[in-house]
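Asker: Below are the sequence and a predicted model; questions follow.
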Amino acid sequence: MKTTSLLEGVRDLLSLAALALLDPRPRLKFVQLGLGLLCGPKPKTITSALEWLDKRQEDWSADYRLFSQAHWEAQAAFTPVLTQALGHSSCGSQRVYFGQDDTLLRKASRKIPGTSYARDPLSPPFQVNLVLGQRFVQTSLLLQPGGPEHPWRALPVSFSPAPTPKIPKRASPEEQAALKEVRKKHRLSLVALEQLRFCRQFLDRQPGGRQRWLMDVVDGGYSNRTFFAGVPERTGVVARMRKDAKLRAYLPPEQRRGARKYGPDLPTPLEYLQDPNLPWQSMTVFVAGKLRTLHYKEVPVVCWPKVTQDRQLRLILIKAPGYRLRKSSKLLYREPAFLITTDLTTLAAELIAAYLARWEVEVNFRDEKTLLGVGQAQVRHAQSVARAPAFLVAAYSMLLWTNIRVFGDRRTQDFDRLPAWRNTEPVRPSTRDLLRLLQRQAEEAHLNQMRN
């Protein structure tokens, strides 16, 4: 059935996700709270959602128990979006791209479960600051619904906490050893691998899913032995790497003698970038609002012993693009990019485009924190602390996916007029546009229900 309204689409997806609740009684609250958290005012707390739903004089305890006591898995809230998006025409028939990254949700108290001190990513490089927060890992499905000359979209399909368990000061040596083993299992790379395995298994259950290759795009924080060693079958990885990484030549198994597993030393990625004998190649990709030309080099087969041992890899070097602050100013350059991939056959231009699309995961984080207020819910129960942010991120994913289904990810006349200071027409609607339209349609639906 074709969805004709943003409100109808989001409500239908929330209703499908509510089927994950074993008890049918709180399913209506599941749908109502999803809309209330999206449309309600800031701060994005459960109380704000109840006020927007006009339930100020009703018992609120059942709404909080939905997150603390009801039997449902947070991952199940993403299932309707993931199922429908994998069957969409904008999702590749041969390769499906996912992007992964982690984020920190600020907190004000150490008493909240899962809260600990972490490095502030906004601190300057010469002064590392510590902040209180909860660490989450997100996996997003990368789509390009408008074609090659249209921006990508990242649909969150998993949002899992990755806390670092604390070791009590008075713990015995046995307890300290046990907690240290638990801490190892909560590393960001292992949480990301758990999500990646779930996506691979979910894709296998779809029609023709076992014939589709899963490609995961990550940043340099996941370029480690733990992550690469746990990548599931029929899954490739594109990751950023250090410019001074020590590479070795690949040595076929029949040529290995004794403990020797590698060929001679190879230049570092930076030395390959500066090598005049390695030819440059060019590609056209839609990035930063328009089609641009990028130049890159490619080294077909290398080994990275420290991270992937004797596994064959491909090295892709992207030249730093030039830009000018003004038309008459001198040409400035950004930093080059050094990518490593386990995929030896896919065109390098396609992998570069997918890596550039990983920036949409950062856009997800910005929208989730600034517009949606993920992490602002004032809950203290250990289960609520993990469920409430994931629930709101799932509702946000439903909003983005409904926008693709209804509007094709294009800004139509259904949205508000642009402000007077906007001198260019945006290609796609922003999250603010979608929230305003959802709020307007919800208010109109409420008025129509009151009249009837």
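Answerer: Happy to help now that I have it.
Asker: could you pull out the helices for the stretch 51-200 of the chain?
Answerer: Per DSSP state H, counting those that start in this stretch, the stretch 51-200 of the chain carries helices over the ranges 61-68, 79-86, 173-185, 188-204.
Asker: The stretch 251-400 of the chain now?
Answerer: Using DSSP H, counting those that start in this stretch, helices in the stretch 251-400 of the chain cover 269-274, 305-308, 348-357, 359-370, 382-407.
Asker: Including distance to residue 101, could the helices of the stretch 51-200 of the chain go into a markdown table?
Answerer: C-beta coordinates here come from the backbone N, C-alpha and C atoms, glycine included. Below are the helices of the stretch 51-200 of the chain laid out as a markdown table (distance: least, Cβ to Cβ, whole Å):
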| stretch | distance to residue 101 |
| --- | --- |
| helix 61-68 | 25 |
| helix 79-86 | 18 |
| helix 173-185 | 20 |
| helix 188-204 | 9 |
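Asker: returning to what we had before: please dump the helices of the stretch 251-400 of the chain into CSV; it should also carry mean neighbour count, distance to residue 281 and mean pLDDT for every row.
Answerer: Shown next, in CSV, are the helices of the stretch 251-400 of the chain (neighbours: other Cβ atoms under 10 Å; distance: least, Cβ to Cβ, whole Å; pLDDT from 0 to 100):
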stretch, mean neighbour count, distance to residue 281, mean pLDDT
helix 269-274, 18, 13, 94
helix 305-308, 18, 24, 91
helix 348-357, 21, 7, 93
helix 359-370, 18, 22, 95
helix 382-407, 23, 32, 95
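Asker: show me the contacts for residue 216.
Answerer: 97, 98, 99, 100, 196, 231, 235, 236, 237, 238 (Cβ atoms under 8 Å, 6 or more residues apart in numbering).
Asker: oh sorry, the question was meant for residue 101
Answerer: Per Cβ under 8 Å, 6+ apart, neighbours of residue 101: 137, 138, 218, 219, 358, 361, 362, 365.
Asker: now residue 227
Answerer: Applying Cβ under 8 Å, 6+ apart to residue 227 gives the contacts 189, 192, 193, 218, 237.
Asker: Which residue in those has the weakest pLDDT?
Answerer: Among those, residue 189 carries the weakest pLDDT, at 91.
Asker: That one: neighbouring residues, count only.
Answerer: When neighbours are counted by other Cβ atoms under 10 Å, residue 189 registers 22.
Asker: Roughly how far does it sit from residue 229?
Answerer: As for residue 189, its distance to residue 229 is 10 Å (criterion: Cβ to Cβ, to the nearest Å).
Asker: quick one, strands of the protein?
Answerer: With DSSP state E, the ranges of strands along the chain come out as 95-106, 116-119, 130-143, 153-161, 213-218, 235-240, 247-250, 262-266, 281-287, 290-302, 313-318, 322-323, 332-333, 337-341.
Asker: and residue 332, what pLDDT?
Answerer: Residue 332 is given a pLDDT of 66.
Asker: between the contacts of residue 227, which has the most around it?
Answerer: Neighbour max across the contacts of residue 227 (other Cβ under 10 Å) = residue 192, 26 neighbours.
Asker: check contacts around that one.
Answerer: Each residue near residue 192 by Cβ under 8 Å, 6+ apart is listed here: 100, 102, 137, 139, 218, 222, 227.
Asker: What degree of burial does the residue nearest to residue 402 when sequence neighbours are not counted show, as a neighbour count?
Answerer: Spatial nearest neighbour of residue 402, chain neighbours left out: residue 9 (3.3 Å); criterion: Cβ to Cβ, 6 or more residues apart in numbering. By other Cβ under 10 Å, the residues close to residue 9 number 21.
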